[in-house]
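Q: I'll drop the sequence and a predicted model, then ask my questions.
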Amino acid sequence: MIGLYRIGPVDRYRVGPSAELLYFRMSDTVLLLPSNVAALTACCTTFKPLSEHARMLQGLLPTPLSFLEGLAKSGVFVCYDRIMDPVHQLERSEPNASISCVAIPTCDRPRELQRALESYVACAHRYSRKMRFFVADDSLHSESRRRNKEVVCRVAKSSDCKFYYAGLEEKTDFVQALASQSGIPRKTLEFALFGPRNCRLRIGSNRNAILLHTLGELVLTVDDDSICMGGTFSNPDERDSLALGSEWDSPDHWFFASRGEAMRSVELTQLNIFEEHEKLLGRSLISLLKMHRDRFLGIRNPCPHLMKSLLSHEGRVPVTFTGTLGDSGKCSRGWIATTRNRSTRARLTSSEGAYRIAVTSREVARQFNSLTIVHHGAPVATAMGVDNRDLLPPFVPGYRNSDGLFAVCLSRCMSNTYFGHIPWVLAHDPPLTHQDDAPWPLTVRVWDVVGELIAAMPETASALPLRESMASLGRHFVEVALSDRDEFRSTVRTISLRRASRLLSTAELLLAEFHQEPSYWAQDINHHMSLLRQTVQEPGYGLPLDLLQERGPEEVIPALQEFITEFGLLLISWSTIAGSAQSLKEHGVTMGTEVK
């Protein structure tokens, strides 16, 4: 058979000491193979002639080429032309869609807000981009909001861009208008835009304000402690090429002992961040393949969703991310020891000194080295492009990792949705303050519980329109949260034990794969896993640490039940909320007020 082939997505199941079952979902084919043949077959992840794949199986099968030709006819091996032919037949590329708004969520940081605003305004002027700017302020104290609004006023007076601001007062007025327009209870609207009571970190609610203010637009949302200066660790040929990755591909990481060392590690330049995001944002997979057909790096271990989207010529990129340079933005650092990214691991274990820096310092660079499309990609929303022309799910309004949960929720509710990653790092320079860094394997957090509940959603629901899939997920949340308190506590405990089991299994596989080397790395992993085995037996294991930091142990389960219930109701109501916000916008009622 002439052409280039690679194996399709496969699930492998051991059925004895020397045999495996291979299940190919796309062709609904099941094969029983010797383990050594199964292992080599699953390595055929690069498009090559079948004859080259057959050489790997030489000596293991009597007629390896005939065997592979049979797999190709059955659809187990996928032909490159089957993916690319429709790309060549596409007569026109999609029209360019432009980012029209920069949105900045902020809270109690006027100095950082001014620095960020000035840097992104300068970028807009430098590249003749007529941008609007929207600041969503989550500061609780009126003095903080006054200072932030003064910052917006100062920057506005020195620019011909338009500026909008929404703090507590503006959001409260919008909630009133939204309640009248939508009929949604105020409690749900306030949860969406103000977060849960007593929650210290509510960046997700601020991002929901951004979603509702920028409906119908492509928007770049950037953190208030970011600076519009970028650099890259990849070469130009690699940087301008397109790669399609697996479901859980992760970016490369570099590690530094200090913020200054991190910032000096790459030449920071005046990056046209709008243009970089627009290379992927809002585009279909087929149009991207057409645009990059001469510089297409290929498909690396795709998830079944991605391969199915490619073959059906579906799939879009509604969200894009840049890499980051500086503070990691993570509440725990030691998790990097379990990375499977080969380049990152090589840097991590190059010496014991390098390893100690990597697992103790917050100062990192993280970046994909080419334009990359994946089903997840460990997103960090320091600078995130959002195609807000169509409905998107809400952010979890409280606690950490709202960006990661947003990505999981979006990909779970919309099977043809993918995330674009830009091969640049953006400066992330928050104040040097101590942040929580509890031992990474031992703590459970609110996002672990929410993430497991999202993962439990049946895959069939993702084939529904987004409005219906979000409602289905929301009803699942409400049903779980309204169970008897003891039953809910048992559910949380089960979720936590499932997470611990995955961590322990992953650690065992890594230790075996790398033969317990280097020893300092293996000792560290073994130590943490030993602690985890002890910790899971304690009665309080599974109570989310972020809730324990806010209230007493006896209040955690009721508070978590309330939070899960409210998020479920928000998912059910979100499409109505967004539709009502759009109607208000068409009548000139928006959350942000113009600042001049």
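A: Ah, there it is.

Q: where does the stretch 351-500 of the chain have low pLDDT?
A: Flagging of the stretch 351-500 of the chain using pLDDT under 70 yields the residue ranges 377, 433-437, 460-462.

Q: can you give me the strands in it?
A: With DSSP state E, counting those that start in this stretch as the criterion, the stretch 351-500 of the chain has strands at 363-367, 371-374, 383-387, 417-428.

Q: which neighbours does the first one have in its sheet, and in what orientation?
A: Strand 363-367 sits in its sheet next to strand 252-255 (antiparallel), strand 316-327 (antiparallel), going by DSSP bridges.

Q: could I get the ones you listed as TSV with mean neighbour count and mean pLDDT?
A: All C-beta spots, glycine's among them, are computed from the backbone N, C-alpha and C. Formatted as TSV, those follow (neighbours: other Cβ atoms under 10 Å; pLDDT from 0 to 100):
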stretch	mean neighbour count	mean pLDDT
strand 252-255	22	96
strand 316-327	26	96
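
Q: ok, back up a step: any chance of JSON lines for the strands of the stretch 351-500 of the chain, columns mean neighbour count and distance to L22?
A: Shown next, in JSON lines, are these (neighbours: other Cβ atoms under 10 Å; distance: least, Cβ to Cβ, whole Å):
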{"stretch": "strand 363-367", "mean neighbour count": "25", "distance to L22": "34"}
{"stretch": "strand 371-374", "mean neighbour count": "26", "distance to L22": "23"}
{"stretch": "strand 383-387", "mean neighbour count": "26", "distance to L22": "37"}
{"stretch": "strand 417-428", "mean neighbour count": "26", "distance to L22": "25"}
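
Q: Around S350, how many other residues sit close by?
A: Residues lying near S350 (other Cβ atoms under 10 Å) number 12.

Q: check which helix or strand covers it.
A: In the assignment (DSSP states H and E), S350 maps to no helix and no strand.

Q: What confidence value was assigned to it?
A: For S350, the model assigns a pLDDT of 96.

Q: same check, this time on V536
A: 95.

Q: measure it to V444 for me?
A: Per Cβ to Cβ, to the nearest Å, V536 is found 10 Å from V444.

Q: Y127 too?
A: For Y127, the distance to V444 - Cβ to Cβ - is 45 Å.

Q: between these two, which one's more packed in?
A: V444 (24 against 14).

Q: How much space separates the nearest residue to that one once chain neighbours are set aside from K48?
A: Of all residues not flanking V444 in the chain, S496 sits nearest, at 4.7 Å (Cβ to Cβ, 6 or more residues apart in numbering). According to Cβ to Cβ, S496 stands 44 Å off from K48.

Q: who has more neighbours, these two?
A: Neighbours per residue (other Cβ under 10 Å) separate S496 from K48, with S496 holding more: 21 against 17.

Q: what would the strands of the stretch 351-500 of the chain look like in CSV with distance to C43?
A: Shown next, in CSV, are the strands of the stretch 351-500 of the chain (distance: least, Cβ to Cβ, whole Å):
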stretch, distance to C43
strand 363-367, 27
strand 371-374, 20
strand 383-387, 35
strand 417-428, 25
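
Q: What count of nearby residues applies to I525?
A: For I525, the neighbour count with other Cβ under 10 Å is 21.

Q: one step back: the residue nearest to V444 touches L545, doesn't it?
A: No: counting by Cβ atoms under 8 Å, S496 stays clear of L545, with 11.1 Å between them.

Q: Need the overlap of contacts for these two.
A: V444 (Cβ atoms under 8 Å, 6 or more residues apart in numbering).

Q: thinking again about what came up before, right, and the strands of the stretch 351-500 of the chain - which one's nearest R154?
A: Closest of the strands of the stretch 351-500 of the chain to R154 is strand 417-428, at 21.7 Å (criterion: Cβ to Cβ).

Q: strands paired with that closest one, and their directions?
A: strand 226-231 (antiparallel), strand 316-327 (parallel), strand 371-374 (antiparallel).

Q: any idea how far A407 is from T344?
A: Relative to T344, A407 is positioned 20 Å away (Cβ to Cβ).

Q: neighbour count winner among these two?
A: Taking other Cβ under 10 Å, A407 and T344 do not tie; A407 has more neighbours (24 against 20).

Q: With just CA atoms, put the helix or strand hosting A38 into CSV.
A: Using DSSP H and E, A38 sits in helix 35-41. Written as CSV, here are the backbone C-alpha positions of helix 35-41 (Å, rounded to 0.1, in the frame of the first residue of the first chain):
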residue,chain,number,x,y,z
SER,A,35,3.2,-8.1,24.5
ASN,A,36,6.4,-7.5,22.5
VAL,A,37,4.4,-7.1,19.2
ALA,A,38,1.9,-4.8,21.0
ALA,A,39,4.6,-2.6,22.4
LEU,A,40,6.3,-2.2,19.0
THR,A,41,3.0,-1.7,17.2
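
Q: returning to what we had before: common neighbours of V536 and V444, please.
A: Contact criterion Cβ under 8 Å, 6+ apart; residues shared by V536 and V444: S496.

Q: For the helix holding A38, which residues meet the burial criterion?
A: Buried residues in helix 35-41, defined by neighbour count with 16 or more other Cβ atoms under 10 Å: 37-38, 40-41.

Q: After that helix, which helix or strand is next? Please name it.
A: helix 50-56.

Q: and for stretch 9-26, what are the contacting residues?
A: Contacts of stretch 9-26 from elsewhere in the structure, counted by Cβ under 8 Å, 6+ apart, are 8, 29-36, 38, 41-42, 75-76, 78, 302-304, 307-308, 311.

Q: Need phi/psi at the most centrally placed residue in the chain.
A: For the chain, P379 is the residue whose C-alpha lies nearest the centre (Cα atoms, centre = their mean; 3.1 Å). Note on P379: its backbone torsions stand at phi -70, psi 150 [degrees, to the nearest 10].

Q: Give me the average confidence score over stretch 179-186.
A: The average pLDDT within stretch 179-186 is 97.

Q: I meant stretch 11-22, not that one.
A: pLDDT averaged over stretch 11-22 gives 88.

Q: which parts of it are buried?
A: Buried residues in stretch 11-22 (16+ other Cβ under 10 Å): 20, 22.

Q: Let's see that stretch as PDB, backbone CA atoms only.
A: Extracted in PDB, the C-alpha atoms of stretch 11-22 (Å, rounded to 0.1, in the frame of the first residue of the first chain):
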ATOM      1  CA  ASP A  11      -6.100   1.500  24.600                       C
ATOM      2  CA  ARG A  12      -3.900  -1.300  25.800                       C
ATOM      3  CA  TYR A  13      -4.900  -4.000  28.400                       C
ATOM      4  CA  ARG A  14      -2.600  -6.700  29.800                       C
ATOM      5  CA  VAL A  15      -4.300 -10.100  29.800                       C
ATOM      6  CA  GLY A  16      -1.500 -12.200  31.100                       C
ATOM      7  CA  PRO A  17       2.300 -12.100  31.500                       C
ATOM      8  CA  SER A  18       3.000 -12.100  27.700                       C
ATOM      9  CA  ALA A  19      -0.200 -10.900  25.900                       C
ATOM     10  CA  GLU A  20      -2.200  -7.700  25.500                       C
ATOM     11  CA  LEU A  21      -5.600  -6.600  24.200                       C
ATOM     12  CA  LEU A  22      -5.400  -3.500  21.900                       C
END
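
Q: Off-centre distance for it?
A: Remark: stretch 11-22 is offset 32 Å from the chain centroid, using Cα atoms, centre = their mean, to the nearest Å.

Q: how much space between the residue located most distally from the centre of the chain and G16?
A: What lies farthest from the middle of the chain is P62; by Cα atoms, centre = their mean that is 45.3 Å. When distance is defined by Cβ to Cβ, P62 is 22 Å away from G16.

Q: before we move on, back to that, can you tell me which of the strands paired with strand 363-367 is nearest to E508?
A: Smallest distance to E508 across the strands paired with strand 363-367 (Cβ to Cβ): 22.8 Å, for strand 252-255.

Q: Can you name the next helix or strand after that closest one?
A: Following strand 252-255 toward the C-terminus (DSSP H and E): helix 259-264.
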